[in-house]
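Just the structure for this:
(one chain, ligands or ions: 1)
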Amino acid sequence: MQAIFKPPKAIRGGIPICFPQFGNCGSLEQHGFARNKIWVIDENPPPLPPNDSNGKAFIDLLLKPSEEDLKGWPHSFEFRLRVSLAANGDLSMISRVRNINGKPFTYSFAYHTYLSVSDISEVRIEGLETLDYLDNLCQKERFTEQGDAITFESEVDRVYLSTPNVIAVLDHEKKRTFVIKKEGLPDVVVWNPWDKKSKAMADFGDEEYKYMLCVDGAAIEKPITIKPGEEWTGRLELSVVPSSYCSEYFDPHQRGF
Ligand SMILES: O=P(O)(O)OC[C@H]1O[C@@H](O)[C@H](O)[C@@H](O)[C@@H]1O
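Prediction:
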């Protein structure tokens, strides 16, 4: 990617954290400030269930609002992120947002997950068929998806609503499938900028839209409200499996974790 590694702008690629705002639905910068910040290592995070990190390598990160952040979004919080990598390559991310403010606050959230694919025209997403979505290309108008798996032949920028906790992204050419499992994240954003928008983005190669797809576990349509002292958790697990395994592995009705 032609990503630009120059703070304070977000780096395109990876899994930026969109918080406390998704997109431009609010007064903050696009996708909120969290992805543009330097997080610190959390030396002493509150415990998580042992299953979350058994046998995995992990790091705990912490974000607290700066004076500047509080001017634009006057709510004190602690955002803890554990990123874990299992020996088989499974990546999991656990976000915990704690309200340390005197009053409730409300936010949106997304794991803006860039997936690398062999050829976007050979990719399909399973798990979102027949669901309602908000189309960011039509002023967030609500539509209903047809019965078939989602495929790509033009720009897509949608927020699928009330989604199952397991979504599969099948890369036909590479014969591999990304399995996205999530918890606490009812929505799924699907984004591919296609040719025209790619050319308009300085940090994105003209042809790169062919080799990427964003599929984000998110909470957007119904933003999350937490009371003083309360904590919210949102989990995402990303695995890559050979597509031949998929029919056994992939059950959209399965619980996330
Ligand atoms: O260029 P950004 O700020 O990283 O955002 C990229 C895209 O992110 C998607 O999640 C949004 O739905 C799109 O509308 C947006 O264009």
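
List, one by one, the residues from the protein near the ligand.
10, 23, 30-31, 112, 136, 157, 189, 191, 214, 216 (C-beta under 6 Å from any ligand atom). The way it works is simple: take the backbone N, C-alpha and C, and place the C-beta from them, glycine included.

Would you confirm that Gly184 contacts Ala219?
Yes - counting by C-beta atoms under 8 Å, Gly184 touches Ala219, with 7.2 Å between them.

tell me, what's touching the two both at once?
Residues touching both Gly184 and Ala219 (C-beta atoms under 8 Å, 6 or more residues apart in numbering): Gly234.

Tell me which of these two has more neighbours.
Set Gly184 next to Ala219 and count neighbours by other C-beta atoms under 10 Å: Ala219 wins out with 21 against 17.

Adjacent strands (with direction) for the host helix or strand of that one?
Element membership for Ala219 (DSSP states H and E) is strand 212-226. Here strand 212-226 has these sheet partners by DSSP bridges: strand 105-111 (antiparallel), strand 114-116 (antiparallel), strand 187-192 (antiparallel).

Turn those strands into JSON lines, including mean pLDDT and mean neighbour count.
Formatted as JSON lines, those follow (pLDDT from 0 to 100; neighbours: other C-beta atoms under 10 Å):
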{"stretch": "strand 105-111", "mean pLDDT": "98", "mean neighbour count": "23"}
{"stretch": "strand 114-116", "mean pLDDT": "98", "mean neighbour count": "15"}
{"stretch": "strand 187-192", "mean pLDDT": "98", "mean neighbour count": "23"}
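
can you redo the ones you listed as CSV with distance to Asn88?
Listed next are those as CSV, based on distance: least, C-beta to C-beta, whole Å:
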stretch, distance to Asn88
strand 105-111, 20
strand 114-116, 18
strand 187-192, 24
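
May I have the beta-bridge partners of the spatially most central residue of the chain?
With distances taken as C-alpha atoms, centre = their mean, the residue of the chain nearest its centroid is Tyr111 (2.0 Å). Beta bridges link Tyr111 to Ile17, Gly217, judged by DSSP bridges.

OK, contacts around it?
15, 17-18, 93, 95, 185, 216-218, 234, 236.

Could you report the distance from it to Asp216?
Remark: distance between Tyr111 and Asp216 (C-beta to C-beta, to the nearest Å) = 6 Å.

Overlap in contacts, the two.
Joint contacts of Tyr111 and Asp216 (C-beta under 8 Å, 6+ apart) are Cys18.

quick one: the residue lying farthest from the centre of the chain from the ligand, how far?
Distance from the centre of the chain peaks at Gly102, with 28.6 Å (C-alpha atoms, centre = their mean). For Gly102, the distance to the ligand equals 32 Å [C-beta to the nearest ligand atom, to the nearest Å].
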